[in-house]
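Participant: coords below, sequence missing:
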């Protein structure tokens with residue numbers, strides 16, 4: 001089986017590593033965790049982490065809603081506005097989200113499932129960066 005096979009395969013906790021490379025050459029880093037949790041027929045994606053901006057560290061959070069219908073995953077913002085869709089059982093996939101005046105293009109890579117990534121190219125009047133997020137199954141430490 002290639003890639004992500006079903007919505008419920010995302011359920012659980014994931015380690016998140018994210019780099020945000022800006023056009024001016026600066027790079028920000030986020031380390032954190034993503035929790036995909038069932039809510040009826042949906043998965044709620046909650047991200048929490050620490051975003052490092054130069055010498056400052058900030059708490060960062062984000063929420064999305066995922067659903068599965070007809071062999072694809074539909075991703076929504078937390079207020080249920082449509083964001084984008086991803087087909088199941090593909091190794092890689094690209095799509096766009098237009099939010100005038102900004103343009104968002106994402107490239108998903110599920111070829112090393114259960115490790116996967118999302119690379120966002122973001123352009124707009126005040127935005128010009130590439131954000132790459134790497135997800136891996138969360139490993140709990142087994143303390144004696």
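Facilitator: Now that the structure is in, tell me what you want to look at. Just so it is clear, the model here is predicted, and its values are computed rather than measured.
Participant: Dihedrals phi and psi, residue 88?
Facilitator: Taking degrees, to the nearest 10, you get phi -80, psi 160 for the backbone angles of residue 88.
Participant: for residue 8, same thing?
Facilitator: Given degrees, to the nearest 10, the pair of backbone angles that residue 8 has is phi -70, psi -10.
Participant: mind listing what the most centrally placed residue in the chain touches?
Facilitator: Of all residues in the chain, the one closest to the mean position by CA atoms, centre = their mean is residue 118, 5.8 Å from it. Contact analysis of residue 118 by CB atoms under 8 Å, 6 or more residues apart in numbering lists 106-109, 132-133, 135. C-betas here are computed from N, CA, C, even on glycine.
Participant: do that again at 7 Å, thanks
Facilitator: 106, 108, 133 (CB atoms under 7 Å, 6 or more residues apart in numbering).
Participant: try residue 137
Facilitator: Residue 137 neighbours (CB under 7 Å, 6+ apart): 14, 114.
Participant: Residue 5 now?
Facilitator: 88-89.
Participant: do the one 10 residues further on as well
Facilitator: Residue 15 makes contact with 33, 136, 138 under the criterion CB under 7 Å, 6+ apart.
Participant: What's the separation between it and residue 139?
Facilitator: With distances taken as CB to CB, to the nearest Å, residue 15 is found 7 Å from residue 139.
Participant: cool, residue 124 as well?
Facilitator: Distance from residue 124 to residue 139, by CB to CB: 37 Å.
Participant: swap in residue 86?
Facilitator: Distance from residue 86 to residue 139, by CB to CB: 25 Å.
Participant: Neighbour count for these two, which is higher?
Facilitator: residue 86 (20 against 8; other CB atoms under 10 Å).
Participant: Which secondary structure element is home to that one?
Facilitator: Secondary structure from DSSP states H and E places residue 86 in strand 82-87.
Participant: Can you give me the buried ones in that strand?
Facilitator: Judged by neighbour count (16 or more other CB atoms under 10 Å), strand 82-87 contains these buried residues: 83-84, 86.
Participant: before we move on, what about stretch 110-127?
Facilitator: Neighbour-count burial for stretch 110-127 flags 110, 116-122 (criterion: 16+ other CB under 10 Å).
Participant: Many thanks, have a good one.
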